[in-house]
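> Quick one, fold the following:
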Amino acid sequence: MSEDFFQGYKGAALEILKRYNVRVWGQANVNTTRGVFQGTILPRSENDDDQHIVMKIITGYNIGIDIANVTEMIETGYKKANYKIPEKEFPYTEGFPKVKLIGTGGTIASRLDYRTGAVIPAFSPGELYGAVPELADICNLTTEKVFAVFSENMGPEQYKKLAIAIGKEIENGIDGIIIGHGTDTLSHTAAALTFMVQNSPVPIVLVGSQRSSDRPSSDAALNLMHAATAAGHGDIAEVMVCMFGPTSDEYGLLHRGTRVRKMHSSYRSTFRTIGDVPLASVTRKGVVPIKPEYNHRRKDRNVTILPYFEEKVAIVYYYPNMQPDIIDSLVENGYKGIIIAGTGLGHVNKPLYPAIERATAKGVHMFMCVQTLWGYAHMFVYDTGRDLMAKGVIPGMNMLPETAYIKLGWVLGQTTDPEKVREMMLTPINDETTPREPYNGYLIYQGGVKEVEDFIKKVHK
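Numbering: from 1, shown residues only. Predicted coordinates:
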């Protein structure tokens with residue numbers, strides 16, 4: 001058979017496919033010392049070893065089969081797969097809200113590249129309707145792909161372009177906006193848009209997925225349906241993140257853009273509101289507020305767009321024995337603002353003091369957040385905190401370090417006046433700082449403890 005039938009396979013794995021006349025994209029029964037596997041033989045990543053065969057089994061999951069365990073292979077059929085979902089024109093329904101889906105890339109708009117084994121941005125926003133036709137039962141959707149990048153490649157340039165695009169959509173009469181985004185830095189973009197798009201009359205919902213669209217456990221479709229419901233029918237006119245609530249598919253949660261954080265690398269329920277409770281829960285039936293106070297949807301088209309960002313801003317995560325050259329190098333490279341994620345109530349070691357003094361003397365704006373994430377920077381409690389404040393470090397209250405980084409970049413994009421910077425940083429736009437945390441704003445359960453195990457058996461993770 002032609003080498004075209006063995007995409008990516010080499011060495012011993014290639015030889016065993018040839019021995020049993022089984023092709024890539026062939027449906028096969030593979031007998032092994034560990035049992036029989038049925039499914040489709042997939043292309044092999046060109047960067048992987050030659051000791052495994054990759055198969056998509058009938059449940060939809062991909063597995064690797066060690067060729068040392070293979071005793072027989074039988075090809076039962078052949079059909080080359082086409083993993084591209086065709087774009088479909090979205091139907092228009094009279095009376096449905098108009099929602100704009102802005103695509104940036106990420107897992108919610110991606111597929112698996114079997115050549116490399118990587119998940120790549122490949123679905124255009126228009127293709128999403130082909131994958132999730134239920135969206136037509138929720139709203140009249142139009143789409144635009146402004147970027148096609150993973151979220152680690154999102155930054156100030158993209159934040160500003162998104163803010164301007166959102167402003168134009170609101171001006172043109174849209175009823176709600178969805179932004180498809182990779183999950184890894186989704187909270188950074190949510191914070192940036194909260195500061196850059198103020199007083200919005202419509203919901204702005206950022207949504208992603210933890211698992212790519214070709215996986216049976218993908219959360220992409222349901223997250224999109226929830227986001228469309230929140231954008232088209234919800235009353236909360238804020239920048240929000242919409243992702244799974246529990247690990248099951250019962251409901252999603254809407255998180256305020258300044259208080260949300262990705263807390264697990266793979267759980268579908270990875271996003272949590274930190275130091276507060278979520279704005280609302282959402283299902284395909286509608287949005288149910290959790291917080292009583294929020295910005296309500298309006299019929300006017302008034303919105304304030306402030307697309308500013310100073311890129312020379314950094315976060316420094318303090319660790320024991322941190323050396324002063326970390327701070328000095330940032331100053332020497334022209335950084336204008338530094339967020340310190342300090343220990344405890346907002347502390348660093350004394351060897352950093354001279355570098356901090358040198359930084360503030362050169363006009364670098366420095367704010368302290370806590371690396372505990374929950375809680376406040378209370379720098380007046382211990383001598384360390386008082387010393388740091390005397391050297392120019394300003395407590396950032398209970399701002400999340402990532403939110404503080406985004407806000408400081410946004411503020412310094414508008415002014416470098418120390419008093420004005422301080423005032424803007426400590427004046428909340430939308431709960432990035434709060435006067436107190438609610439009693440149920442900090443909940444972390446410890447597994448293995450009897451009462452927690454009893455609780456887990458009754459409720460969801």
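
> Can you list the low-confidence ranges for the chain?
1-5, 46-47, 81-88, 106-107, 109-126, 128, 213-216, 460-461 (pLDDT under 70).

> so N199 touches V303, yeah?
Yes - counting by CB atoms under 8 Å, V303 is a contact partner of N199 at 5.8 Å. Quick note: C-beta positions are derived from backbone N, CA and C, even for glycine.

> more neighbours, the two?
More crowded of N199 and V303, by other CB atoms under 10 Å: V303, with 20 against 12.

> ok, that one touching G167?
Yes - if you go by CB under 8 Å, V303 and G167 touch, sitting 5.8 Å apart.

> need the helices for the stretch 351-461 of the chain, in chain order.
For the stretch 351-461 of the chain, helices defined by DSSP state H, counting those that start in this stretch occupy the ranges 353-361, 383-390, 401-412, 418-426, 450-458.

> how many other residues sit next to the nearest residue to F367 once chain neighbours are set aside?
Using CB to CB, 6 or more residues apart in numbering and skipping residues adjacent in sequence, the residue nearest F367 is G396, 4.5 Å away. Look at G396: counted by other CB under 10 Å, it has 29 neighbours.

> for G396, what are its contacts?
Counting by CB atoms under 8 Å, 6 or more residues apart in numbering, G396 makes contact with I339, F367, M368, C369, A377, A404, M425, L426, T433.

> Phi and psi next, for it.
Dihedral pair for G396: phi -100, psi 20, per degrees, to the nearest 10.

> That one and V452, how far apart?
32 Å (CB to CB, to the nearest Å).

> is it true that K100 lies in a helix?
No - K100: not assigned to a helix; according to DSSP: H, G, I helix; E, B strand; the rest coil it is strand.

> Surely it and G173 touch.
No - in this structure, K100 is not within contact of G173 by CB under 8 Å, at 10.3 Å.

> if we can go back for a sec, and the helices of the stretch 351-461 of the chain, which is most packed in?
helix 401-412 (a mean of 26; mean count of other CB atoms under 10 Å).

> Packing partners of that helix?
Contact partners of helix 401-412 among helices and strands, from 3 or more CB pairs under 8 Å, 6 or more residues apart in numbering; DSSP states H and E: helix 186-196, strand 313-317, strand 337-342, strand 365-370, helix 418-426.

> Tabulate the ones you listed (TSV), appending distance to D325.
Shown next, in TSV, are those (distance: least, CB to CB, whole Å):
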stretch	distance to D325
helix 186-196	27
strand 313-317	12
strand 337-342	14
strand 365-370	16
helix 418-426	25
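
> Which of these sits closest to D66?
Smallest distance to D66 across the helices and strands packed on helix 401-412 (CB to CB): 36.8 Å, for helix 186-196.

> Could you tell me how far that closest one lies from the centre of the chain?
11 Å (CA atoms, centre = their mean, to the nearest Å).

> Show me what it is packed up against.
helix 156-171, strand 204-207, strand 239-244, strand 260-262, helix 401-412.

> repeat that with 10 Å
helix 156-171, strand 176-180, strand 204-207, strand 239-244, strand 252-256, strand 260-262, strand 271-273, helix 401-412 (3 or more CB pairs under 10 Å, 6 or more residues apart in numbering; DSSP states H and E).

> now these as a markdown table including distance to P292?
Converted to a markdown table, the helices and strands packed on helix 186-196 look like this (distance: least, CB to CB, whole Å):
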| stretch | distance to P292 |
| --- | --- |
| helix 156-171 | 25 |
| strand 176-180 | 22 |
| strand 204-207 | 20 |
| strand 239-244 | 16 |
| strand 252-256 | 13 |
| strand 260-262 | 19 |
| strand 271-273 | 15 |
| helix 401-412 | 23 |
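
> Show the contacting residues for the residue lying closest to Y317 once chain neighbours are set aside.
Nearest non-adjacent residue to Y317, counting by CB to CB, 6+ apart: A341, 4.7 Å away. Contacts of A341 were listed using CB atoms under 10 Å, 6 or more residues apart in numbering, and they are 315-319, 348, 368-373, 377, 396, 400-402, 404-405.
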